[in-house]
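S.K.: After the sequence you'll find the predicted model.
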Amino acid sequence: MRKNHFIVQLAVLLLLYTASCKEIRETSSEDVRQQSPLEQFQAKKFGMFIHWGLYVVPAGEWKGKYVRGIGEWKQYREKIPIAEYEKLAEQFNPVRFNADEWSQLAEDAGMKYMVITSKHNDGFAI
């Protein structure tokens with residue numbers, strides 16, 4: 001149930017942020033070529049960062065207890081031994097992952113970029 005709760009929270013935050021954003025100014029390809037990578041990133045203004053890893057398996061809980069804070073730090077905050085934490089990899093099976101749907105969601109919201117963090121401090125890499 002916690003997993004669905006997190007997804008709903010994320011969707012609500014995205015909708016609220018999207019509703020509060022002003023229309024993003026489009027730049028010509030010539031303007032973009034003259035910009036540094038940092039300037040290009042800043043000009044895009046609105047995008048999506050996806051942090052996704054083993055911590056999504058237990059969602060916001062560990063051993064039946066709610067874990068405060070962001071999921072990427074679950075192993076550190078709960079002092080979970082590596083041998084115990086790495087067992088989550090056997091359960092990580094993103095069969096419902098659909099890159100086209102995620103990209104369409106971002107585009108429909110007016111986002112100009114998407115970044116997926118594929119390796120976190122826990123060492124797990126997608």
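M.R.: Now that the structure is in, tell me what you want to look at. Numbers count the residues shown, from 1 in each chain.
S.K.: Tell me which residues touch the residue positioned nearest the centre of the chain, please.
M.R.: Centroid-nearest residue in the chain: residue 50, 1.8 Å away (criterion: C-alpha atoms, centre = their mean). Neighbouring residues of residue 50 by C-beta atoms under 8 Å, 6 or more residues apart in numbering: 102, 114, 115, 116, 117. Using the backbone N, CA and C atoms, a C-beta is placed for each residue, glycine as well.
S.K.: Go through those and flag which are in strands.
M.R.: If you go by DSSP state E, the contacts of residue 50 have 114, 115, 116, 117 in strands.
S.K.: Of the residues you listed, keep whichever come out buried.
M.R.: Neighbour counting over the ones in strands among the contacts of residue 50 (16 or more other C-beta atoms under 10 Å) leaves no buried ones.
S.K.: Just put those residues in CSV and tack on distance to residue 71 and pLDDT.
M.R.: Output for these, formatted as CSV (distance: C-beta to C-beta, whole Å; pLDDT from 0 to 100):
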residue, distance to residue 71, pLDDT
114, 19, 89
115, 17, 88
116, 15, 86
117, 11, 84
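S.K.: Report the two of those residues separated the most.
M.R.: Across these, the longest distance by C-beta to C-beta is 11.1 Å; it joins 114 and 117.
S.K.: Next, show the common contact partners of these two.
M.R.: Counting by C-beta under 8 Å, 6+ apart, the residues touching both residue 114 and residue 117 are 49, 50.
S.K.: Let me see the ranges of the helices in this structure.
M.R.: Counting by DSSP state H, the chain has helices at residues 2-20, 29-33, 37-44, 74-77, 82-85, 99-108.
S.K.: which stretch in those has the least confidence?
M.R.: Between those, the lowest average pLDDT goes to helix 2-20, which shows a mean of 51.
S.K.: How about residue 116: which residues does it bridge to?
M.R.: Counting by DSSP bridges, residue 116 is bridged to residue 50.
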